[in-house]
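> Quick check, what structure comes out for this input:
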Amino acid sequence: VDFVFPRIFRRVGVADRVLPATQGCAEQSNSPYGAWTQEPAAVSLTSDQDVQFTNSAFVHLGSAGLGLGNGTQKAVVRGNVFTDTSGSGIQLGNVDMPTATGAAQTRDNTIADNHVFNVPVEYHGGVGIDVGYAANSSIVHNQVDHTAYTAISIGWGGWPDKEAETPRPNFTHDNSISNNLIFSHMSLLNDGGAIYTQGLTGTSLANGEKVRGNVIHDQVGKGHVVYTDNGCTFESILGNGIYNTGAANAWGSAHHDYRPDASTTNDPTDIENNYWMNGVTKGSSGVTIKNNTAITAASQIPASIVANAGLEAAYKNLLKWTQAPSPK
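Below is the predicted model of the structure:
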């Protein structure tokens, strides 16, 4: 299915209607890792393959914008605008099928060159781009700005380490969050970040999550900028540029690895070649921190990193997007 022609997805009914709070929450997740909810989406697909959403606008919606649920495979979401949604902008996958196999897995999807901004406007715990369990995902060259909470979130299932328990498995591997431009996030809430990850991201650093080449600035709320939260294992944070993030650490944090076959004290994490303010310089058992550069100004980030972050040239016109006036 190809959604490649211009579309505007917007709320049906009274344009300025505010939904009651009870209508903004999804049903309780069946995740074995505790509560985790997604808002319903204005456009929602499940077990879909080879769909594309391009050159569309998701705007003035009393829900999340686009929801591509469990079993989404080989989808492309490229060149779209997501703004003024009550909940998250884009949702990919969920967390109620951590050990899915075959066609039930969410995998081989691309979310690229989208402008996600001014979301969520009502259900502030929503996320600009929200990904559950997924494999071989590319979240690349997006611009995500002015979010109430976290800009990009991926994974789940880190809570067992709070109780010193073995992490529960999931099928996640080979996800890339790269070359995105993120700024003015966390405007209302705390304990989040620009890129937030929880749980196992693979089976080794080789196939774990890669957070590479992103430019991130002006985080408002407290937290960490690239946030490796509970149980986040095998993430690599490489060659990012981070500045003007206030009290938020550029990276955080280390946590004990409770896997039965763990060979290090902390969950393996590789942090190299970043340019950052308020960065951590000392590693620990399992956490490699090296070749990072402390900066005092954005101009000290290599021009190649800055130029390659955010929308690619063919999609920069999205930054000039304005809504057409409503018909009279």
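
> Output the below-cut-off pLDDT ranges for the stretch 201-328 of the chain.
Across the stretch 201-328 of the chain, nothing is flagged by pLDDT under 70.

> Okay, helices next: where are they in it?
For the stretch 201-328 of the chain, applying DSSP state H, counting those that start in this stretch gives helices covering 303-308.

> Going along the chain, name the strands of it.
Here the stretch 201-328 of the chain has its strands, by DSSP state E, counting those that start in this stretch, at 210-212, 215-217, 224-228, 235-238, 241-243, 249-252, 269-272, 275-276, 287-290, 293-294.

> any chance of those in CSV, plus mean neighbour count and distance to residue 310?
(Each C-beta comes from the backbone N, C-alpha and C, glycine too.) CSV is the format used below for the strands of the stretch 201-328 of the chain (neighbours: other Cβ atoms under 10 Å; distance: least, Cβ to Cβ, whole Å):
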stretch, mean neighbour count, distance to residue 310
strand 210-212, 23, 14
strand 215-217, 24, 7
strand 224-228, 26, 16
strand 235-238, 24, 18
strand 241-243, 25, 11
strand 249-252, 23, 19
strand 269-272, 21, 22
strand 275-276, 23, 16
strand 287-290, 16, 26
strand 293-294, 13, 21
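
> wait, which of the ones you listed is closest to residue 89?
strand 215-217 (17.1 Å; Cβ to Cβ).

> so where's the stretch 1-150 of the chain uncertain?
1-36.

> in it, which spans are strands?
2-3, 7-9, 41-45, 52-54, 56-61, 64-68, 76-78, 81-85, 90-92, 110-112, 115-119, 129-131, 138-140, 143-147.

> Listing partners with orientation, what would you give for the last one?
Okay, so that is strand 143-147. As defined by DSSP bridges, the strand partners of strand 143-147 come to strand 115-119 (parallel), strand 181-183 (parallel).

> could I get the strands of the stretch 201-328 of the chain as JSON lines with distance to residue 162?
Formatted as JSON lines, the strands of the stretch 201-328 of the chain follow (distance: least, Cβ to Cβ, whole Å):
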{"stretch": "strand 210-212", "distance to residue 162": "23"}
{"stretch": "strand 215-217", "distance to residue 162": "27"}
{"stretch": "strand 224-228", "distance to residue 162": "15"}
{"stretch": "strand 235-238", "distance to residue 162": "18"}
{"stretch": "strand 241-243", "distance to residue 162": "27"}
{"stretch": "strand 249-252", "distance to residue 162": "16"}
{"stretch": "strand 269-272", "distance to residue 162": "18"}
{"stretch": "strand 275-276", "distance to residue 162": "28"}
{"stretch": "strand 287-290", "distance to residue 162": "19"}
{"stretch": "strand 293-294", "distance to residue 162": "32"}
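
> so which of these gets nearest residue 159?
Among the strands of the stretch 201-328 of the chain, strand 224-228 comes nearest to residue 159, with 14.3 Å by Cβ to Cβ.

> Please enumerate residues in contact with that closest one?
Residues outside strand 224-228 that contact it (Cβ atoms under 8 Å, 6 or more residues apart in numbering): 150, 192-197, 211, 214, 216, 219, 235, 237, 240, 242, 245, 248-253, 255, 267, 269, 276.

> Try it again at 7 Å.
Strand 224-228 has contacts (Cβ atoms under 7 Å, 6 or more residues apart in numbering) with 192-197, 211, 216, 219, 235, 237, 240, 242, 245, 248-253, 269.

> The closest residue in space to residue 135 that isn't next to it in sequence and residue 131, how far apart?
Spatial nearest neighbour of residue 135, chain neighbours left out: residue 107 (4.1 Å); criterion: Cβ to Cβ, 6 or more residues apart in numbering. Noted for residue 107: a distance of 11 Å to residue 131, by Cβ to Cβ, to the nearest Å.

> go on, residue 79?
Taken as Cβ to Cβ, the span from residue 79 to residue 131 is 19 Å.

> Same list (the strands of the stretch 1-150 of the chain) but as JSON lines, adding mean neighbour count and distance to residue 297.
Converted to JSON lines, these look like this (neighbours: other Cβ under 10 Å; distance: least, Cβ to Cβ, whole Å):
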{"stretch": "strand 2-3", "mean neighbour count": "14", "distance to residue 297": "42"}
{"stretch": "strand 7-9", "mean neighbour count": "16", "distance to residue 297": "40"}
{"stretch": "strand 41-45", "mean neighbour count": "19", "distance to residue 297": "40"}
{"stretch": "strand 52-54", "mean neighbour count": "20", "distance to residue 297": "37"}
{"stretch": "strand 56-61", "mean neighbour count": "23", "distance to residue 297": "35"}
{"stretch": "strand 64-68", "mean neighbour count": "29", "distance to residue 297": "35"}
{"stretch": "strand 76-78", "mean neighbour count": "22", "distance to residue 297": "33"}
{"stretch": "strand 81-85", "mean neighbour count": "25", "distance to residue 297": "30"}
{"stretch": "strand 90-92", "mean neighbour count": "27", "distance to residue 297": "32"}
{"stretch": "strand 110-112", "mean neighbour count": "22", "distance to residue 297": "29"}
{"stretch": "strand 115-119", "mean neighbour count": "25", "distance to residue 297": "25"}
{"stretch": "strand 129-131", "mean neighbour count": "27", "distance to residue 297": "28"}
{"stretch": "strand 138-140", "mean neighbour count": "22", "distance to residue 297": "26"}
{"stretch": "strand 143-147", "mean neighbour count": "25", "distance to residue 297": "20"}
